[in-house]
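K.L.:
Dropping a prediction and its sequence here:
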Amino acid sequence: MLLDRFLRNIKLTLITVCILLFIPGCGDSSNVPYEPDTPAPEEHSGKFISDHGSMTFDGDGSSVVIDFDDELAEKLGLPSGEHEGSYVFLSGDLPPGGSTEVRYDVAHELKLMVGDETAVVAVGLASEDGKSASVGTGIVTADRIPLLFYEDGVNTNVIFNKDE
């Protein structure tokens, strides 16, 4: 009888400890997706150019004028030539809700919208041999926006650099 009471108390204690350990994980996570404990960088402003066109940002954090050649436009499913549109940087697919808007210095994706057309493209840097790529924190900077494509088993880049 004494042993039964002792075992029951141990079980209740273990259940209580498990519940107390589980509860903090259920709360609202204020840092998902990850945002550094630093001031947000200034929004992109000015013209960024690549071998496949340009993107011109007005500094408001949402407006962009794209001017893509046929090859890049086709990859993205957007119209070629010069078009006004909007953009947002995204976290990438995070559970439970998918991609979320984030500041560009921690972005994994760039979403471009031109009229009724929308493209979401990874941002990252491909290795020289194309077998791997780096994405995430520090890839997009105030002076560089590297679009990352994975085709036929190879990572490639279209890098837009700020035109000084």
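P.N.:
Good, I have the coordinates.
K.L.:
So which residues of this structure form strands?
P.N.:
Using DSSP state E, the strands found in the chain span residues 45-50, 53-58, 63-68, 81-90, 109-114, 117-126, 133-135, 144-151, 154-162.
K.L.:
Mind putting the ones you listed into a markdown table with distance to residue 103 and mean neighbour count?
P.N.:
Where you see a C-beta, it was placed from the backbone N, CA and C, and this is true even at glycine. Compiled in a markdown table, these are given as follows (distance: least, CB to CB, whole Å; neighbours: other CB atoms under 10 Å):
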| stretch | distance to residue 103 | mean neighbour count |
| --- | --- | --- |
| strand 45-50 | 15 | 16 |
| strand 53-58 | 14 | 18 |
| strand 63-68 | 16 | 19 |
| strand 81-90 | 7 | 17 |
| strand 109-114 | 12 | 20 |
| strand 117-126 | 12 | 18 |
| strand 133-135 | 15 | 16 |
| strand 144-151 | 13 | 18 |
| strand 154-162 | 17 | 17 |
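K.L.:
Those: lowest mean pLDDT?
P.N.:
The minimum mean pLDDT among the strands of the chain belongs to strand 133-135 (a mean of 92).
K.L.:
contacts for that strand?
P.N.:
92, 108, 122-127, 148, 150, 155 (CB atoms under 8 Å, 6 or more residues apart in numbering).
K.L.:
which one of the residues you listed sits closest to residue 63?
P.N.:
Nearest to residue 63 among the contacts of strand 133-135: residue 123, at 18.6 Å, using CB to CB.
K.L.:
Great, nothing more from me.
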